[in-house]
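Participant: give me coordinates for this.
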Amino acid sequence: MPEVHDLIERKSYFVVHAPRQIGKTTTLVALAAELTASGKYTAALVSMEVGAPFGDQIGIAEPAMLGTWRRAIEHQLPRELWPPPWPEAAAGERVGAALKAWAEASARPLVVFLDEIDALYDDTLISVLRQLRDGYRNRPESFPWSLALVGLRDIRDYRVRGDEREHLGTASPFNHFNISVESLTLKDFTPAEVAELFGQHTADTGQLVPPETLGRIYHWSRGQPWLVNALGRQLMDVLATDRAAPFQPADVDAAARILIERQDTHLDSLSERLREARVRAIIEPMLGGANPQPLPNDDVRYVLDLGLLRRGSVP
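Facilitator: I've put the predicted structure just below:
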């Protein structure tokens with residue numbers, strides 16, 4: 001994500017979203033480590049997910065999230081870059097107060113990636129977004145220099161209710177003052193990148209992956225990183241363990257069948273999205289052989305972002 005470096009240099013607050021298991025967290029943890037190692041920034045990724053079960057109970061959600069932040073920060077950063085103890089604050093102000101205290105204590109500009117923020121909903125989500133908006137005006141001396149919201153969804157698709165019936169739309173409190181300057185998504189691998197990845201396996205083990213097999217891997221995965229790696233694991237660990245024998249296209253077909261029949265967590269979580277009315281309105285007619293009726297662009301983009309739909313023809 002080369003554009004992220006430029007956004008951070010410009011003190012931007014932005015959104016990173018992509019389907020599950022595509023590498024968001026891994027990429028951003030590595031990026032945070034790189035930024036910190038440069039000596040120019042203090043950077044870390046912290047998760048909001050533990051606040052999800054509490055819905056509108058912000059007074060319970062905030063301490064739970066801040067507890068996991070502390071553990072993540074102490075794991076990622078050297079002791080001299082740890083934040084001070086989180087200050088006492090009223091419910092609905094604790095996230096903002098923690099970020100303020102951390103930014104003020106940091107000898108370097110502070111960069112924070114808030115992972116799984118779209119797991120929050122209801123009053124907890126709205127409160128966190130409002131605290132970020134309120135603190136934004138005080139950056140970089142008293143709030144993070146740069147900050148990213150990271151999750152499955154773009155910000156307009158964050159849930160207002162846990163049952164998915166309502167989402168923020170364009171009038172979210174985070175967008176209200178044009179704080180979010182960019183919304184980025186991680187792209188799927190290209191055929192060349194799939195070939196490069198499996199070329200690393202050949203370099204490590206000597207096992208060949210012929211072009212026709214690479215084509216079959218791309219056929220089944222369309223470059224979606226989790227699927228590419230899941231197919232690779234089945235090939236390497238189950239179906240083609242003899243390193244002297246090349247991977248065959250039939251092995252890839254067998255690997256795909258295993259994943260489908262096993263219903264791994266990633267595939268199961270995507271199938272759950274089909275229950276959402278806005279997703280079903282697009283996918284259901286297509287499964288029945290018909291074209292969906294004209295639909296809101298936001299809904300189409302949401303289904304594209306989830307990885308359930310692809311524009312253009314698929315051979």
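Participant: all helices of this structure, in order?
Facilitator: Secondary structure of the chain (DSSP state H): helices at 2-9, 24-37, 58-76, 94-105, 122-136, 191-205, 211-221, 225-234, 249-262, 265-273, 277-287, 297-306.
Participant: check which residues of the shortest one are buried.
Facilitator: With burial defined by 16 or more other C-beta atoms under 10 Å, the residues of helix 2-9 counted as buried are 4, 7, 8. C-beta coordinates here come from the backbone N, C-alpha and C atoms, glycine included.
Participant: got it, and the second one?
Facilitator: Buried residues in helix 24-37, defined by neighbour count with 16+ other C-beta under 10 Å: 24, 27, 28, 29, 31, 32, 35, 36.
Participant: residue 206: which of these is nearest?
Facilitator: Residue 206 has its nearest neighbour among the buried residues of helix 24-37 in residue 27, at 29.1 Å by C-beta to C-beta.
Participant: just the pLDDT at residue 234, thanks.
Facilitator: Looking at residue 234, its pLDDT stands at 92.
Participant: so what's residue 11 up against?
Facilitator: Listed by C-beta atoms under 8 Å, 6 or more residues apart in numbering, the contact partners of residue 11 are 139, 140, 145, 146.
Participant: residue contacts, the residue in the chain sticking out farthest from the centre?
Facilitator: Relative to the mean C-alpha coordinate of the chain, counting by C-alpha atoms, centre = their mean, the farthest residue is residue 244 (37.3 Å). Residue 244 makes contact with 206, 207 under the criterion C-beta under 8 Å, 6+ apart.
Participant: which residues touch stretch 187-206?
Facilitator: For stretch 187-206, the external contacting residues (C-beta under 8 Å, 6+ apart) are 22, 207-209, 214-215, 217-218, 221-225, 228, 232, 236, 243-244, 247.
Participant: go again with 6 Å.
Facilitator: 208, 209, 214, 217, 218, 223, 224, 228, 243 (C-beta atoms under 6 Å, 6 or more residues apart in numbering).
Participant: go on, stretch 50-67?
Facilitator: Against stretch 50-67 from outside (C-beta under 6 Å, 6+ apart): 48, 68, 86, 91-92, 94-95, 98, 119-120, 122-124, 127.
Participant: the residues you listed, buried ones only, as a PyMOL selection?
Facilitator: Only the buried entries of the contacts of stretch 50-67 go into this PyMOL selection, using 16+ other C-beta under 10 Å:
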select buried, resi 48+86+92+94+95+98+119+120+122+123+124+127
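Participant: in a markdown table: the contacts of stretch 50-67, plus pLDDT and distance to residue 276.
Facilitator: Below are those laid out as a markdown table (pLDDT from 0 to 100; distance: C-beta to C-beta, whole Å):
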| residue | pLDDT | distance to residue 276 |
| --- | --- | --- |
| 48 | 93 | 21 |
| 68 | 96 | 28 |
| 86 | 97 | 36 |
| 91 | 93 | 31 |
| 92 | 92 | 29 |
| 94 | 96 | 31 |
| 95 | 96 | 28 |
| 98 | 97 | 33 |
| 119 | 86 | 16 |
| 120 | 88 | 17 |
| 122 | 80 | 17 |
| 123 | 85 | 22 |
| 124 | 89 | 21 |
| 127 | 90 | 24 |
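Participant: check what pLDDT residue 281 gets.
Facilitator: Predicted confidence (pLDDT) at residue 281: the value is 80.
Participant: to clarify, my last question referred to residue 275.
Facilitator: At residue 275, the model reports a pLDDT of 73.
Participant: tally of neighbours for it?
Facilitator: A count of nearby residues for residue 275, using other C-beta atoms under 10 Å, gives 9.
Participant: look up phi and psi at it.
Facilitator: phi -80, psi -20 (degrees, to the nearest 10).
Participant: likewise for residue 243?
Facilitator: Torsion angles, degrees, to the nearest 10, at residue 243: phi -70, psi -10.
Participant: which residues does it contact?
Facilitator: Residue 243 makes contact with 205, 207 under the criterion C-beta under 6 Å, 6+ apart.
Participant: report the contact partners of residue 94.
Facilitator: residue 62.
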